[in-house]
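K.L.:
Give me a model of this one.
(chains A and B)
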Amino acid sequence: MNDSADFVDEVIEGLLLAYPEHLNQSPTNKRVLVRSDAPVPGQVGIVTSGGSGHLPLFLGYVGKGLATSVAVGNVFSAQSSDSALEALRAADSGSGVLVLIGNYTGDRLNFELARDFADAEGRTSEMVLFADDVASAPAERASDRRGVAGIFFAFKCAGAAAALGLDLQELTRITKKVADSTRSMGVGLSPAVLPTTGRPTFTLDENEMEIGIGIHGEPGVRRDPLEPADMVADSLIDAIDAELQFNREDAVAVLVNGLGATSPEELYIINRRVHQRLSEQGVRIHKTYVGEYATSMEMAGASISIMKLDDELIALLDAPASSPFIPGSMR
Amino acid sequence: MNTTDLAIWFSAACRQWQDCYEELTHLDSVAGDGDLGITVRAGAAEVMTAMNEIDSVQSIGHLLRSCGAAFARGNPSSFAALTGAGLLAGAKVAGEAVSLDSDQAASCLEAAASKISERGNAQLGDRTVLDALVPSIEALRSAPAGIQVALTTMVEAASTGVKATADMPPAKGRAAWVGERGRGYPDGGATAYLRLLEALLASQSDSPKQI
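P.N.:
Predicted structure coming up:
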């Protein structure tokens, strides 16, 4: 990088130069990026936001059949309420706006404040907080859980629903259904280094792993000696299964996500085990995504997200979408 | 006190409030992510700029809304967003009024406290700004007439509240997942509020205006 103070703005500048036909920068706020065809008349807007350092999350999910606009925060820090308000305005065609963000206090508080101001302008919005990380709090405190890679499924399904012209109430219902049907868990092998401080987000011995790590390096459920990939995958699948309670004949979508410094080869090895396990249980995997969908700078590790599907979600997941960040994966 | 008087007073207090930058940075580094000093310094600077643009015909509601938007803009932390939301809730109570007495001020602060509690999902005793804010409102409600004496009792009540937070286990924010590390130190957010009250008291003494 160059000067750490310019990190986020220079990333955005480079992105806009790479994908000029996909994204525009708000003329009044350089931390707000908007889909080139937004706002789309008659369609509910979908606005998201969050800290930087997680590409392709969040701004990679702005695109046709996905979100409409995004407010970009500093690395691992919430976006400002000003940016959130500007992103909400940019997404609003007059049909209302769905705010879809991860369940992090700073992100939520700043967006709630932005919604206070948007209300005063006569805009209608609903908010869904994505909290799919089972390791971040026990089931009885599920509302404290963090949002991680599984939010991809929500962008995909809500974006498809918006493109079909469904109203804000329907979009909110569908997005909540995705949230209720999706669980994730990750494992960390080495930390990310914050550009602002130059310090690692956590420390871990070379032969250790953190089971249940968060996407900012938040501590997980336990720290264990390194295990082979299948055993690690089993730990993650067991925790997800305990909540989603897979039955024979269930249909699911699977996302095996790299946290930034893990090779695609390793991810496919994990995916192999996920398919083995789910097949043994008679679960039908409708769709599989493998790659980097929510990263933590250069953290090494991976996460597994699984969404239980019904006919409605299958149709939305199969609908077309496009993002320059995930070529070929939106089929 | 009318809108212009309040704008001048708030601006002077915000200048003094920034002096607690080091103290807040230190307290927040012990238990949180260390950005509370920056939040107060940057937020106070934004409020000072916003107060320059207030004129006498504008309502107290408008003034408080400007303060909220400005403070939240400074540094987008949880504390900034909660303070912003609290000031917006206070602005709704003040509405179109163009002057403020101590009863109305207490009602605005109560609305702010209840919004902060709701948004932050925090109660008294959770080691947050509420542990200084709520007792200071009670002190204002029962204080004798006169802004100087009212503020003095508010500072005393908030100060007692801040001291008590040192023994409270953190339940909210990043302080909660670093656990016991913050034990023995007062809460940064509660301290920030106390320093604001002190700055308001000190800058009030400079001006003869009474509520």
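K.L.:
how about the residues of the stretch 101-250 of chain A near chain B?
P.N.:
Residues of the stretch 101-250 of chain A lying near chain B by Cβ under 8 Å from any Cβ of the partner chain: A:105-106, A:109-110, A:112-113, A:116-117, A:218-219. Glycine gets a C-beta too; all of them are placed from N, C-alpha and C.
K.L.:
Determine which two of these are furthest apart.
P.N.:
A:117 and A:219 (35.1 Å; Cβ to Cβ).
K.L.:
between these two, which one's more packed in?
P.N.:
Legend: neighbour count by other Cβ atoms under 10 Å in any protein chain shown for residue A:117 and residue A:219, higher for residue A:117 (21 against 16).
K.L.:
pretty sure that one contacts residue B:72?
P.N.:
No - with contacts defined as Cβ atoms under 8 Å, residue A:117 does not count as touching residue B:72, sitting 9.5 Å away.
K.L.:
okay, and the common contacts of the two?
P.N.:
The contact sets of residue A:117 and residue B:72 overlap at residue A:81 (Cβ atoms under 8 Å, 6 or more residues apart in numbering or on different chains).
K.L.:
Please tell me which one of the residues of the stretch 101-250 of chain A next to chain B counts the most neighbours.
P.N.:
residue A:110 leads these on contacts (other Cβ under 10 Å) with 32 neighbours.
K.L.:
Which residues are in contact with that one?
P.N.:
For residue A:110, the contacting residues are A:49, A:78-81, A:84, B:72, B:76, B:81, by Cβ under 8 Å, 6+ apart.
K.L.:
next structured bit after the helix or strand bottoming out on mean pLDDT in chain B?
P.N.:
Lowest mean confidence among the helices and strands of chain B (mean pLDDT, DSSP states H and E): helix B:174-177, at a mean of 57. For helix B:174-177, the following helix or strand on the C-terminal side (DSSP states H and E) is helix B:188-205.
K.L.:
So residue A:308 belongs to a strand, correct?
P.N.:
Yes - Residue A:308 forms part of a strand when assessed by DSSP: H, G, I helix; E, B strand; the rest coil.
K.L.:
Report how many residues lie close to it.
P.N.:
Residue crowding around residue A:308 was assessed by other Cβ under 10 Å; the count is 20.
K.L.:
how close does it get to residue A:36?
P.N.:
Using Cβ to Cβ, to the nearest Å, we find residue A:308 at a distance of 34 Å from residue A:36.
K.L.:
Verify the stated contact: residue A:171 with residue A:161.
P.N.:
Yes - counting by Cβ under 8 Å, residue A:161 is a contact partner of residue A:171 at 5.2 Å.
K.L.:
ok so, going back, among the residues of the stretch 101-250 of chain A next to chain B, which are located in strands?
P.N.:
Applying DSSP state E to these, no entry is found in strands.
K.L.:
Do you have the helices of chain B handy? List them.
P.N.:
B:3-17, B:21-31, B:36-52, B:60-74, B:78-94, B:102-120, B:130-142, B:147-165, B:174-177, B:188-205 (DSSP state H).
K.L.:
which stretches of chain B aren't confidently modelled?
P.N.:
Residue ranges of chain B with pLDDT under 70: B:172-182, B:205-211.
K.L.:
Pull up the residues of it that are close to chain A.
P.N.:
Counting by Cβ under 8 Å from any Cβ, chain B comes close to chain A at B:68-69, B:72-73, B:76-78, B:81-82, B:84-85, B:88, B:119-120, B:173, B:177.
K.L.:
Could you pull up phi and psi at residue A:257?
P.N.:
Note on residue A:257: its backbone torsions stand at phi -110, psi 130 [degrees, to the nearest 10].
K.L.:
That one: neighbouring residues, count only.
P.N.:
For residue A:257, the neighbour count with other Cβ under 10 Å is 28.
K.L.:
Which residue comes closest to it once chain neighbours are left out?
P.N.:
Of all residues beyond its chain neighbours, the one nearest residue A:257 is residue A:149 (4.1 Å), with distances taken as Cβ to Cβ, 6 or more residues apart in numbering or on different chains.
K.L.:
so what's that neighbour up against?
P.N.:
Neighbour list for residue A:149: A:57, A:132, A:184, A:186, A:215, A:255, A:257, A:293-294, A:303, A:305 [criterion: Cβ under 8 Å, 6+ apart].
K.L.:
What is the nearest of these to chain B?
P.N.:
The shortest approach to chain B among these belongs to residue A:215, at 14.6 Å (Cβ to the nearest Cβ).
K.L.:
For the residue nearest to that closest one when sequence neighbours are not counted, pull up the helix or strand it's in.
P.N.:
Excluding the flanking residues, the one nearest residue A:215 by Cβ to Cβ, 6+ apart is residue A:296, at 4.7 Å. Under DSSP H and E, no helix or strand contains residue A:296.
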